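S.K.: prediction below, plus the sequence it came from.
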Amino acid sequence: MTAMNTMTTIKSKPKMKVGSHRACIPVASAMLVIIAVSFAAARKADHAAATKDDSVYAELAKAPKKATARRNPLEKDPNAAVAGGKLFERHCAECHGDMAEGGRKAPSLLADPVQQATPGTLFWILTNGVVRRGMPVWSKLPEPERWQIVSYLKSLAPAAKQSDDQRKSPGR
Amino acid sequence: MQPEVMRSRTGAHFRLLLRFLGLAIAMLALPARAQENPYIVTYDHYLEEPGNLEVEYFSTFGTQRGGNDFHAFWVEFEYGATAWWTTELYLDGQTTFDDSTIFTGFRWENRFRLLQREHFINPVLYLEYEQISGADKILKEVEGHDVESDYAVPNALARKEHDHELESKLLLSSTFKGWNVAENTIAAKNLTGGNPWEFGYAMGASRPLALKASAHRCNLCRENFIAGVEMYGGLGDRHSFGLRDTSHYLAPVVAWNLPSDWTLRLSSGFGLNDNSHRFLLRWGISREFAGFGEMVNRLFEGRKP
């Protein structure tokens, strides 16, 4: 390309010329403020999730009837809970704890409201998340993988019962 | 300045440096999560998980008629501020063969989820501020009358031009039976007056190669691969909206989500008309660090009594 053509190319797309880096200062300041606010917002969301467990469990009751009535198509699949455990470890354990016992950011999944919820309800929560309280939507996992996680959560019932017994009789 | 004050400041700087070093070391120990889509240009409606940081590196190799081929690259730091807000910083650079390697600017991007729950079509609002030079070649989006000849300008000349742009996108995305279909409309404006609004689009479809997870950990299982295709291009500007003097690309894409928590992406893009680069080869590698926000809070908050 000749120099003439080159200049023509530039002229064809007029753009603003910023003479110095002065424009960077307000932008950088704004970015720092926003980043600080985002950290604060994330912290507030974490705090809300950790301190309002009842509200988080109350979300289970919001599942529509049609969703709660859905059956787990993989309930007879012997590998579903094992595969679900692998998925749980990868995507859920960071917030809900390695054994689903709950953590700073998210409630226990061994608690009665979760263990007594229908598979359809758990699937609905996984699909829709509880965005306002910090739980993301997990519809990016294909449906069968979400059902595998539901199978895993339901397989935790004995551990949940043991945990419940210990909570009721801490002296033993 | 008093020597005590200087010592105190040096000590403060040293402590700050130690904290940053601690942060870098601690990041290596953080658990990582990966379930990423394969798109490089198109966005779906899934945001970063709250408190997580994803660090990504991408490259674009492009052929250039009337100029030298190039290798453009960028680093992304993507942070999930909340479950409905993701903020992201990009640092761009490029090497034009037989010319030079230069830093070309930065972008600051924000995505906001507009609806709380999952719907058949899920909208996300995207707002980006970018300050890049005319030599930027990452082609992260194509808009307005962007055409191949714009990229033939030698670096020394192109870098004198500075873009100072606000870009908005409406991201629409659906997931059905394992398929994700996403459509993005772009409207961009140079922040100083005179330049018209420019428009563009990107769309993509993708699906994991297997919808069920296997019971064992594996690298080469089909469930770890997501394949798809994306298409993107310009739609002119406010004065001349349409396909005239615009460029368009079609690109098969694939992502490999490794159980070791790394994601690799590959895309080969083909220009669809004479205004487009003939071939764009893109690849990227990323890793997501879970609990980054919490860790930063702990490091900089100090110990609680």
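M.R.: Received, thanks.

S.K.: so residue A:75 touches residue A:152, yeah?
M.R.: No - counting by CB atoms under 8 Å, residue A:152 is not a contact partner of residue A:75; they are 11.9 Å apart. Heads up, the C-betas are built off the backbone N, CA and C, glycines and all.

S.K.: which of the two has more neighbours?
M.R.: Neighbour count, other CB atoms under 10 Å in any protein chain shown: between residue A:75 and residue A:152, residue A:152 has more, with 22 against 13.

S.K.: identify the residues contacting that one.
M.R.: Listed by CB atoms under 8 Å, 6 or more residues apart in numbering or on different chains, the contact partners of residue A:152 are A:80, A:81, A:82, A:83, A:84, A:85, A:87, A:88.

S.K.: format the residues you listed as a markdown table; extra columns: distance to residue A:109.
M.R.: Formatted as a markdown table, the contacts of residue A:152 follow (distance: CB to CB, whole Å):
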| residue | distance to residue A:109 |
| --- | --- |
| A:80 | 17 |
| A:81 | 14 |
| A:82 | 17 |
| A:83 | 17 |
| A:84 | 12 |
| A:85 | 12 |
| A:87 | 13 |
| A:88 | 9 |
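
S.K.: which among the residues you listed are in contact with chain B?
M.R.: Of the entries in the contacts of residue A:152, those that also sit close to chain B under the rule CB under 8 Å from any CB of the partner chain are A:82, A:83, A:84, A:87.

S.K.: distance check, residue B:107 against residue B:77.
M.R.: For residue B:107, the distance to residue B:77 under the criterion CB to CB, to the nearest Å works out to 11 Å.

S.K.: for those two, indicate the residue with more neighbours.
M.R.: More crowded of residue B:107 and residue B:77, by other CB under 10 Å: residue B:107, with 21 against 14.

S.K.: surely the more buried one meets residue B:136?
M.R.: No - counting by CB under 8 Å, residue B:107 sits too far from residue B:136 to count as a contact (9.3 Å).

S.K.: common neighbours of those two, please.
M.R.: Taking CB under 8 Å, 6+ apart as the contact rule, the neighbours common to residue B:107 and residue B:136 are residue B:92.

S.K.: where's the residue in chain B that chain A sits nearest to relative to residue A:59, distance?
M.R.: In chain B, the residue found nearest to chain A is residue B:81; the distance is 3.3 Å by CB to the nearest CB. Between residue B:81 and residue A:59 the distance, using CB to CB, works out to 21 Å.

S.K.: what does residue B:87 give?
M.R.: Plainly put, residue B:87 is 26 Å away from residue A:59 if you go by CB to CB.

S.K.: neighbour count: those two, which is higher?
M.R.: Neighbour totals were compared for residue B:87 and residue A:59, and residue B:87 leads with 22 against 18 (other CB under 10 Å).

S.K.: measure that one to residue B:81 for me?
M.R.: The span separating residue B:87 from residue B:81 equals 5 Å under the rule CB to CB.

S.K.: got the residues of the stretch 1-150 of chain B near chain A?
M.R.: If contacts are counted using CB under 8 Å from any CB, the residues of the stretch 1-150 of chain B sitting beside chain A are B:31, B:33, B:35, B:37, B:44, B:46-47, B:49-51, B:66-67, B:79-85, B:87, B:89, B:108, B:110, B:113, B:116-118, B:129, B:131, B:134, B:145, B:149-150.

S.K.: put the buried members of the residues you listed into a ChimeraX selection.
M.R.: With 16 or more other CB atoms under 10 Å in any protein chain shown as the burial test, the buried ones among the residues of the stretch 1-150 of chain B next to chain A are selected in ChimeraX as follows:
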select /B:33,35,37,44,46,47,49,50,51,67,79,80,81,82,83,84,85,87,108,110,113,118,129,131,134,145,149,150
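
S.K.: which ones among the residues of the stretch 1-150 of chain B next to chain A map onto strands?
M.R.: Helix and strand membership here follows DSSP state E; of these, those in strands are B:79, B:80, B:81, B:82, B:85, B:87, B:89, B:108, B:110, B:113, B:129, B:131.

S.K.: in the chain, what residue spans correspond to helices?
M.R.: No chain was given, so I picked chain A. If DSSP state H is used as the criterion, the helices of chain A fall at A:3-12, A:24-51, A:53-58, A:65-68, A:80-91, A:93-96, A:112-115, A:119-128, A:143-155, A:157-168.

S.K.: actually, chain B is the one I wanted.
M.R.: Counting by DSSP H, one finds helices in chain B at the ranges B:3-29, B:155-158, B:292-301.

S.K.: can I get the CA coordinates of stretch B:73-86 in PDB?
M.R.: Output in PDB follows, covering the C-alpha atoms of stretch B:73-86 (Å, rounded to 0.1, in the frame of the first residue of the first chain):
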ATOM      1  CA  PHE B  73      -3.300 -10.600  21.700                       C
ATOM      2  CA  TRP B  74      -5.200  -9.500  24.800                       C
ATOM      3  CA  VAL B  75      -5.500 -10.400  28.500                       C
ATOM      4  CA  GLU B  76      -8.800 -10.300  30.300                       C
ATOM      5  CA  PHE B  77      -9.400 -10.100  34.000                       C
ATOM      6  CA  GLU B  78     -13.100 -11.000  34.500                       C
ATOM      7  CA  TYR B  79     -14.600 -10.600  38.000                       C
ATOM      8  CA  GLY B  80     -18.000 -11.600  39.300                       C
ATOM      9  CA  ALA B  81     -19.000  -8.600  41.400                       C
ATOM     10  CA  THR B  82     -22.500 -10.100  42.100                       C
ATOM     11  CA  ALA B  83     -24.600 -12.800  40.500                       C
ATOM     12  CA  TRP B  84     -26.100 -10.100  38.300                       C
ATOM     13  CA  TRP B  85     -23.000  -8.000  37.500                       C
ATOM     14  CA  THR B  86     -19.700  -9.000  35.900                       C
END
